[in-house]
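Asker: I'd like to go over a predicted model; first the sequence, then the structure.
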Amino acid sequence: MNIASDPDKSLGRVYQEEPCSIRSIFQRDRDRIIHSKAFRKLQNKSQVFFSTTNDVFRTRLTHTIEVSQIARTIAKHLGLNVDLCETVALAHDLGHPPFGHTGEESLNSLMKEVGGFDHNFQTLKVVTVLEQQYSTFCGLNLCFESLDGIVKHNGPVDQKNETIKVFWDENISLGKEKGIGLNLFPSLEAQVASLSDDIAYCAHDVADGHEAGILSFMNLKKAPFFGELLCLEQPLKGSETLSVAQGCRDLISYLVNDLIFHSCENIKNIENNSPNLHVGNLIEFSSKARKKIMKLKKYLFNNLYRSEEINFMRREAADVVNVLFDYYLDCMNDIPKSLLENKFYTKFKSLRHRKLNLVGDFIAGMTDKEALEAFDKIRTKVK
């Protein structure tokens with residue numbers, strides 16, 4: 001039984017195009033993402049720390065590259081389609097606003113009236129209506145398998161989420177006969193991309209937290225899961241940094257191997273009992289590894305993401321996003337003409353809903369640097 005998604009059996013694109021003579025449809029999608037403006041902007045968007053803080057800390061771009069590398073490795077060992085897996089991994093954070101999850105939380109609060117803000121949904125909007133690179137259509141016109149993986153890589157879309165359902169029905173005409181639905185489980189390739197994200201950020205957030213001096217070596221020795229991986233006896237000067245680096249590599253290796261082994265067992269069991277690979281999440285860690293990851297995530301939340309240093313940046317970021325949102329809601333003419341004229345916004349019957357979506361999309365597309373510069377200009381005007 002071939003479990004990999006087959007590019008030759010792709011359901012195609014919303015706007016039909018001639019196939020490429022040298023690349024599969026999945027490879028072409030991957031390349032479109034890499035060459036997009038939204039992808040390039042990830043280099044100046046926060047992961048945990050402001051992208052302007054330190055050249056060594058991860059940004060959304062370096063995080064995305066690490067996720068795609070891990071995803072390719074896992075997909076290859078599981079016999080999945082590496083190109084589709086890489087496509088979903090490279091695209092998964094395109095919708096992130098400036099200042100990471102703090103920016104997302106602020107926009108979600110400001111946009112409650114129009115369904116809030118979710119970076120996964122925003123990614124779908126970026127690749128279907130917001131990115132403008134082609135004269136014949138908006139977006140990147142990715143194939144249905146890529147779109148499905150992007151919107152559902154974390155699992156089926158909740159049926160209560162009317163915002164995504166309406167957008168999907170209006171902008172991505174699939175048809176029930178094509179066999180893709182928001183309520184179905186995503187492809188195995190999308191599942192791999194999702195858990196590769198977890199592996200990547202658990203490891204590199206530890207590394208960046210230690211680099212920043214927030215997570216001390218003594219603190220990390222007591223950390224659940226990661227403390228088990230630290231080499232505590234180092235004869236060399238500066239060995240604490242080397243020990244943390246080795247611990248991060250060992251963490252990735254442990255989780256990748258666990259995921260591959262446990263997922264292989266799940267796939268074998270399904271192959272022996274059912275021809276349907278969409279019965280659930282077959283790509284998963286062992287229960288032992290899941291418990292370890294949950295404890296490590298809780299540790300990172302309490303000791304890094306809610307540390308005094310990060311909380312200071314969170315407050316600053318929330319202030320910036322709130323000021324920008326209020327300003328552009330009143331000064332729509334300062335939003336680029338190319339975005340204002342996007343046909344997508346003509347679908348909103350309510351002028352206020354149109355404005356809320358426009359402002360939200362504009363701010364979400366900003367980098368940390370762009371947001372901070374715009375904030376400074378606005379404050380100068382007010383003075």
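Answerer: Done, it's in.
Asker: which residues of the stretch 51-200 of the chain fall in strands?
Answerer: Taking DSSP state E, counting those that start in this stretch as the criterion, the stretch 51-200 of the chain contains no strands.
Asker: Just confirm residue 293 contacts residue 225, I think it does.
Answerer: Yes - with contacts counted by Cβ atoms under 8 Å, residue 293 reaches residue 225, the gap being 7.2 Å. From N, CA and C alone the C-beta is placed, and that goes for glycine too.
Asker: and the residue most central in space within the chain, what does it touch?
Answerer: Note on the chain: the residue nearest the mean C-alpha position is residue 93, at 2.7 Å, using Cα atoms, centre = their mean. Contacts here follow Cβ atoms under 8 Å, 6 or more residues apart in numbering; on that basis residue 93 touches 42, 60, 63-64, 119, 123.
Asker: biggest separation within those residues, which pair?
Answerer: With Cβ to Cβ as the measure, no two of the contacts of residue 93 lie farther apart than 63 and 123, at 14.1 Å.
Asker: need the longest helix for this protein.
Answerer: helix 239-273 (DSSP state H).
Asker: Output the below-cut-off pLDDT ranges for the stretch 251-383 of the chain.
Answerer: Across the stretch 251-383 of the chain, the ranges flagged by pLDDT under 70 are 272-279, 382-383.
Asker: My guess is residue 223 contacts residue 298. True?
Answerer: No - applying Cβ under 8 Å, one finds residue 223 not in contact with residue 298, separated by 10.3 Å.
Asker: between these two, which one's more packed in?
Answerer: residue 223 (19 against 11; other Cβ atoms under 10 Å).
Asker: Chain neighbours aside, what residue packs nearest to the more buried one?
Answerer: residue 299 (5.1 Å; Cβ to Cβ, 6 or more residues apart in numbering).
Asker: who does the one helix or strand the one you found maps to touch, helix- and strand-wise?
Answerer: For residue 299, the host element (DSSP states H and E) is helix 287-300. Other helices and strands packing on helix 287-300, by 3 or more Cβ pairs under 8 Å, 6 or more residues apart in numbering; DSSP states H and E, are helix 188-211, helix 239-273.
Asker: Report all helices and strands that the shortest one contacts.
Answerer: This points to helix 188-211. For helix 188-211, the packing partners by 3+ Cβ pairs under 8 Å, 6+ apart come out as helix 60-78, helix 82-91, helix 144-152, helix 217-221, helix 239-273, helix 287-300.
Asker: Show the subsequent helix or strand relative to the fourth one.
Answerer: What that stands for is helix 217-221. Beyond helix 217-221 toward the C-terminal end (DSSP H and E), the next one is helix 226-229.
Asker: Can you list the buried residues in that next one?
Answerer: 226, 229 (16 or more other Cβ atoms under 10 Å).
Asker: In CSV, could you pull the C-alpha coordinates for it?
Answerer: Extracted as CSV, the C-alpha positions of helix 226-229 are listed here (Å, rounded to 0.1, in the frame of the first residue of the first chain):
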residue,chain,number,x,y,z
PHE,A,226,15.5,18.6,28.9
GLY,A,227,17.3,18.2,32.2
GLU,A,228,17.6,14.5,31.5
LEU,A,229,19.5,15.2,28.2
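Asker: Mind giving me the packing neighbours of that helix?
Answerer: Using 3+ Cβ pairs under 8 Å, 6+ apart: helix 226-229 touches helix 217-221, helix 239-273.
Asker: any residues touching the helix holding residue 299, and which ones?
Answerer: With Cβ under 8 Å, 6+ apart, helix 287-300 has contacts from 198, 202, 205-206, 209, 223-226, 254-255, 258-259, 262, 284-285.
Asker: any idea which of the residues you listed is closest to residue 81?
Answerer: Of all those, residue 81 sits closest to residue 259, with 17.1 Å by Cβ to Cβ.
Asker: contacting residues for that closest one?
Answerer: Counting by Cβ under 8 Å, 6+ apart, residue 259 makes contact with 74, 195, 199, 283-285, 289.
Asker: Residue 241 contacts residue 210, doesn't it?
Answerer: Yes - here residue 241 reaches residue 210: they are 7.3 Å apart, a contact under Cβ under 8 Å.
Asker: Which one's more surrounded, the two?
Answerer: Remark: of residue 241 and residue 210, residue 210 carries more neighbours, 22 against 13, as counted by other Cβ under 10 Å.
Asker: Now that one: closest residue in space that isn't a chain neighbour?
Answerer: With Cβ to Cβ, 6+ apart, the residue lying closest to residue 210 is residue 244, at 4.8 Å.
Asker: what does residue 31 give?
Answerer: In space, residue 31 is closest to residue 23, 7.0 Å off (Cβ to Cβ, 6+ apart).
Asker: Doesn't that neighbour belong to a helix?
Answerer: No - applying DSSP: H, G, I helix; E, B strand; the rest coil, one finds residue 23 to be coil, outside a helix.
Asker: For residue 135, what are phi and psi?
Answerer: Per-residue torsions, residue 135: phi -80, psi -20 (degrees, to the nearest 10).
Asker: what's the burial count for it?
Answerer: 5.
Asker: Next: residue 297.
Answerer: Residue 297 has 17 nearby residues by other Cβ under 10 Å.
Asker: One more: the one 3 residues further on?
Answerer: The number of residues packed around residue 300, counting by other Cβ under 10 Å, is 21.
Asker: for residue 53, same thing?
Answerer: Using other Cβ under 10 Å, residue 53 has 16 other residues around it.
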